[in-house]
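In: Any chance you could fold what I've pasted below:
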Amino acid sequence: MYLYNVVIIDDDEVSLSNLSAELDKNPDFELEGVARNAREGKERIMQVEPDLLFLDIELPDMTGMELLQDIRDDVTWPMKVVFYTAYDKYMIQAIRESAFDYLLKPFNNDELKNILERFRQQQKLVVAQPEIRNITRLPMGQSFLVFTPTNDMRVLRSAEIGFFRYCSARKIWEVIFTHEAPLTLRRGITAEQITANLTNFIRIHQSYIINMDYLMLIKDNRCVMYPPFDQVTELLVSKKYKRQLQERFCL
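Out: Here you go, the predicted model:
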């Protein structure tokens, strides 16, 4: 029985047929949908929720990169993307778009086999830790694993994080670090998942979860943090979460 669902989006009939035929030789992979433009492709992706997507970069109605941007907030499952194209000029942009891999037309069978094998090996890592979904505490102190909007896994350390901030317009949480740019988490991660796995983090507001290790004091319903977050002024404590914060902070 197959393990992984596949969707192909490509307007080149010959390339689509060749890739379909090769995938049929791999019993672990089942081709569940094909599309010949981005509009149909989006429908197939949302219907099938594929584990692996082969995506042509030049489609009749938009580019493959534009399609990924269009669906990014709607993809809430781990989906890997392989850009499938005849033009290697797109390789750098594909990498920037966090593609899992890149397959040039006409493809070499060994190249496809390598991509599929690498995909299998990565999936085994996830299967070996079945509790991993969106955010998971790892057995090494306050380190934990998260998924990004591009479905990449990243291990974070709580000491590097001052707080989590919710972006209501995009309906996603982002991580505010001590010494690097904010990291956006995959849509679908909840505040409950964050606080359940991270014992030193507490929710203070609908839009904020803070690291208690950086909390200095609470003044006028505002959290004053230790450096490097001492200049942050947005961390207001709402009435809903004030009592819980006071209990945790021994006030």
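
In: quick one, what contacts the residue nearest to Asp51 when sequence neighbours are not counted?
Out: Nearest residue to Asp51, sequence neighbours excluded (C-beta to C-beta, 6 or more residues apart in numbering): Tyr4, at 4.2 Å. For every residue, glycine as well, the C-beta is placed using N, CA and C. By C-beta atoms under 8 Å, 6 or more residues apart in numbering, the contact set of Tyr4 is 28-30, 51-52, 119, 123.

In: The one helix or strand Leu19 maps to packs against which elements?
Out: Leu19 belongs to helix 13-23 when assigned by DSSP states H and E. In this structure, helix 13-23 makes packing contacts with strand 4-9, strand 29-35, helix 109-127, judged by 3 or more C-beta pairs under 8 Å, 6 or more residues apart in numbering; DSSP states H and E.

In: can you tell which of these is closest to Ile45?
Out: Among those, strand 4-9 comes nearest to Ile45, with 6.0 Å by C-beta to C-beta.

In: Okay, now the sheet partners of the closest one, with direction.
Out: Partner strands and pairing direction for strand 4-9 (DSSP bridges) are strand 29-35 (parallel), strand 52-55 (parallel).

In: Reformat these into CSV and put mean neighbour count, distance to Arg170 and mean pLDDT next to each item.
Out: Formatted as CSV, the strands paired with strand 4-9 follow (neighbours: other C-beta atoms under 10 Å; distance: least, C-beta to C-beta, whole Å; pLDDT from 0 to 100):
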stretch, mean neighbour count, distance to Arg170, mean pLDDT
strand 29-35, 19, 26, 94
strand 52-55, 26, 22, 94
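
In: Could I get the ones you listed in CSV, plus columns for distance to Pro149?
Out: Formatted as CSV, these follow (distance: least, C-beta to C-beta, whole Å):
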stretch, distance to Pro149
strand 29-35, 22
strand 52-55, 15
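
In: weakest of the helices and strands packed on helix 13-23 by average pLDDT?
Out: Mean pLDDT values for the helices and strands packed on helix 13-23 show the minimum at helix 109-127, a mean of 79.

In: got a markdown table for the contacts of Tyr4, with distance to Val81 too?
Out: Shown next, in a markdown table, are the contacts of Tyr4 (distance: C-beta to C-beta, whole Å):
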| residue | distance to Val81 |
| --- | --- |
| Asp28 | 18 |
| Phe29 | 15 |
| Glu30 | 18 |
| Asp51 | 11 |
| Leu52 | 8 |
| Phe119 | 11 |
| Gln123 | 15 |
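
In: Between the residues you listed, which sits nearest Glu160?
Out: Gln123 (27.7 Å).

In: rewinding a little: can you say which of the helices and strands packed on helix 13-23 is packed in most?
Out: strand 4-9 (a mean of 22; mean count of other C-beta atoms under 10 Å).

In: now that one and helix 13-23, what's the angle there?
Out: 170 degrees (axes from the mean of the first three to the mean of the last three C-alpha atoms, to 10 degrees).

In: from now on call the first residue 19
Out: Okay, residue one is now 19; in that scheme the one you just asked about reads as strand 22-27.

In: quick check, distance from strand 22-27 to the centre of its chain.
Out: With C-alpha atoms, centre = their mean, to the nearest Å as the basis, strand 22-27 stands 18 Å off its chain's centre.
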